[in-house]
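**Student:** no sequence for this one, just the structure:
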């Protein structure tokens with residue numbers, strides 16, 4: 001089936017950027033409101049009006065810059081902080097001297113905190129410490145003396161910004177760890193799918209060549225021996241597999257990246273499971289099915305049919321060509337049950353676990369793995385001397401997906 005590369009970008013900090021954009025607008029309105037309420041006491045109100053005009057235009061024009069970490073560049077942060085520092089430093093020129101000495105607010109007021117928080121979200125606690133230190137120096141220069149309330153405000157901004165920066169760094173580290181785990185899960189699921197397909201085709205052929213070569217003898221026996229060696233090597237490969245290295249974003253602030261292969265799901269409605277199971281019926285295999293269609297999602301129907309085929313392959317291999325098998329299809333309100341039963345010698349106790357340990361994935365992947373991916377189950381019931389029964393249960397409304405992103409942002 002066709003595969004496509006799916007790339008997903010996860011960013012737990014995106015809500016922080018949206019909150020910061022809203023904060024900047026509200027803080028701008030608040031700062032202008034403070035000036036409007038006390039403009040009569042300003043020594044040079046025209047200077048304050050000019051600054052607020054620049055601040056308003058800058059805040060609204062740069063909203064896209066604080067929409068994401070990628071848009072919030074270093075030059076923007078430098079200019080943004082410069083606007084805040086300029087407002088602080090020109091406050092003594094615009095406001096009355098007495099109001100400044102009495103601890104009156106600076107022109108940008110709490111808008112300055114938004115500029116510092118942008119540093120924290122973009123670059124972590126170190127960038128936050130740098131920006132808040134510059135703000136602290138500007139506040140001390142504006143006030144002239146390290147008054148108690150000034151020091152209090154400076155320390156508050158400094159601690160808060162560093163704390164937020166540290167939280168962002170921890171969130172990014174957790175995000176990368178989660179992305180790595182999801183990528184491993186996606187790789188494991190894809191490896192299991194390939195293992196099932198290989199078992200249903202290549203490994204079965206190699207095993208048959210090995211058996212027939214041993215029976216014929218001569219050069220065919222050597223060919224059978226080589227086929228057996230390749231079968232063992234291939235089983236080891238598909239049972240172990242490789243997990244690709246994690247692909248992290250070049251810019252850590254842009255979030256973690258998860259890549260995985262996803263099957264192209266064909267369009268169309270439900271498929272009648274009976275039509276996919278009918279080819280398995282024959283002189284040695286009996287099929288009992290409902291008189292009405294048994295609808296399943298296309299992918300689910302194919303996987304159930306493939307699991308039934310794997311169960312019948314096991315019957316032919318282990319019970320012999322003359323063994324009889326029966327397929328029973330039951331259409332329940334919430335699930336479909338397919339039972340495959342044979343009259344072979346049964347499976348010795350512990351044999352399935354031993355086969356899985358040897359890398360023989362017929363039951364573990366081709367049957368149980370398929371049903372597990374569908375949200376269903378596969379139970380194997382066997383009594384030595386009385387045959388084997390494989391019961392497959394699949395929910396009707398489960399939608400299979402190989403997408404490990406959860407609520408990840410897809411690029």
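**Tutor:** Yep, it's here. Given the structure is predicted, the values throughout are model-derived calculations rather than measurements.

**Student:** show me where the protein has strands.
**Tutor:** Along the chain, the stretches classed as strands by DSSP state E are 3-10, 256-263, 271-272, 285-288, 295-296, 325-331, 335-342, 377-382, 388-395, 409-410.

**Student:** what helices or strands is the fourth one leaning on?
**Tutor:** Secondary-structure packing of strand 285-288 (3 or more C-beta pairs under 8 Å, 6 or more residues apart in numbering; DSSP states H and E): strand 325-331. C-beta coordinates here come from the backbone N, C-alpha and C atoms, glycine included.

**Student:** Rounded mean pLDDT for the strand it packs on, please.
**Tutor:** Averaged across strand 325-331, pLDDT comes to 91.

**Student:** Mind listing the strands it pairs with, and their directions?
**Tutor:** As defined by DSSP bridges, the strand partners of strand 325-331 come to strand 285-288 (parallel), strand 335-342 (antiparallel).

**Student:** What lies in contact with it?
**Tutor:** With C-beta atoms under 8 Å, 6 or more residues apart in numbering as the test, strand 325-331 has contacts from 273-274, 277, 280-281, 284-290, 292, 294, 308, 312, 315, 336-343.

**Student:** Show me how far it is from its chain's centre.
**Tutor:** With C-alpha atoms, centre = their mean, to the nearest Å as the basis, strand 325-331 stands 38 Å off its chain's centre.

**Student:** Ok, stretch 168-176 next?
**Tutor:** Relative to its chain's centre, stretch 168-176 lies at 14 Å (C-alpha atoms, centre = their mean).

**Student:** how close does the nearest residue to residue 302 once chain neighbours are set aside get to residue 106?
**Tutor:** With C-beta to C-beta, 6 or more residues apart in numbering as the criterion, residue 302 has its nearest non-adjacent residue at 6.8 Å, and that residue is residue 276. According to C-beta to C-beta, to the nearest Å, residue 276 and residue 106 sit 74 Å apart.

**Student:** For these two, indicate the residue with more neighbours.
**Tutor:** residue 106 (26 against 20; other C-beta atoms under 10 Å).

**Student:** Would you check that that one makes contact with residue 91?
**Tutor:** Yes - with contacts counted by C-beta atoms under 8 Å, residue 106 reaches residue 91, the gap being 4.6 Å.

**Student:** give me the number of residues near residue 140?
**Tutor:** Residues near residue 140, counting by other C-beta under 10 Å, number 16.

**Student:** Please tell me I have it right and it contacts residue 154.
**Tutor:** Yes - between residue 140 and residue 154 a contact is recorded at 7.4 Å, counting by C-beta under 8 Å.

**Student:** low-scoring stretches of the stretch 251-400 of the chain, by residue?
**Tutor:** 251-268, 348, 350-365, 398-400 (pLDDT under 70).

**Student:** With the stretch 101-250 of the chain instead?
**Tutor:** 145-153, 191-204, 229, 231-250.

**Student:** Helices of that one, residue ranges please.
**Tutor:** Listed in chain order, the helices of the stretch 101-250 of the chain (DSSP state H, counting those that start in this stretch) span 111-123, 125-143, 148-198, 204-216, 219-240.

**Student:** what angle do the third one and helix 204-216 make?
**Tutor:** Angular relation of helix 148-198 and helix 204-216 on a 0 to 180 degree scale: 30 degrees, by axes from the mean of the first three to the mean of the last three C-alpha atoms, to 10 degrees.

**Student:** which other helices and strands contact helix 148-198?
**Tutor:** In terms of contacts (3+ C-beta pairs under 8 Å, 6+ apart), helix 148-198 is packed against strand 3-10, helix 111-123, helix 125-143, helix 219-240, strand 256-263, helix 370-373.

**Student:** rerun at 6 Å
**Tutor:** Helix 148-198 sits against helix 111-123, helix 125-143, strand 256-263, with contacts defined as 3 or more C-beta pairs under 6 Å, 6 or more residues apart in numbering; DSSP states H and E.

**Student:** how distant is it from the center of its chain?
**Tutor:** 13 Å.

**Student:** what do you get for the first one?
**Tutor:** Distance, stretch centre to chain centre, for helix 111-123: 28 Å (C-alpha atoms, centre = their mean).

**Student:** list the helices and strands that helix packs on?
**Tutor:** The contact analysis (3+ C-beta pairs under 6 Å, 6+ apart) places helix 111-123 against helix 14-38, helix 74-89, helix 125-143, helix 148-198.

**Student:** Relative to residue 206, which of those helices is closest?
**Tutor:** Proximity to residue 206 (C-beta to C-beta) singles out helix 148-198 among the helices and strands packed on helix 111-123, at 9.9 Å.

**Student:** Also compute the angle for that closest one relative to helix 14-38, please.
**Tutor:** Using the same axes, to 10 degrees: helix 148-198 against helix 14-38 is 160 degrees.

**Student:** now helix 148-198 and helix 125-143, what's the angle there?
**Tutor:** Here the directions of helix 148-198 and helix 125-143 differ by 160 degrees (the same axes, to 10 degrees).

**Student:** Stretch 62-79: how far from the chain's middle?
**Tutor:** Counting by C-alpha atoms, centre = their mean, stretch 62-79 is centred 26 Å from the centre of its parent chain.

**Student:** That one: end-to-end distance?
**Tutor:** Terminal residues of stretch 62-79 lie 11 Å apart, using C-alpha to C-alpha, to the nearest Å.

**Student:** quick one on the thing from earlier: touching, the residue nearest to residue 302 and residue 306? I think so.
**Tutor:** No - using C-beta atoms under 6 Å, residue 276 is not in contact with residue 306, being 8.9 Å away.

**Student:** quick one: contacts for the nearest residue to residue 47 once chain neighbours are set aside?
**Tutor:** Excluding the flanking residues, the one nearest residue 47 by C-beta to C-beta, 6+ apart is residue 94, at 4.2 Å. Neighbouring residues of residue 94 by C-beta atoms under 6 Å, 6 or more residues apart in numbering: 42, 44, 47, 48.
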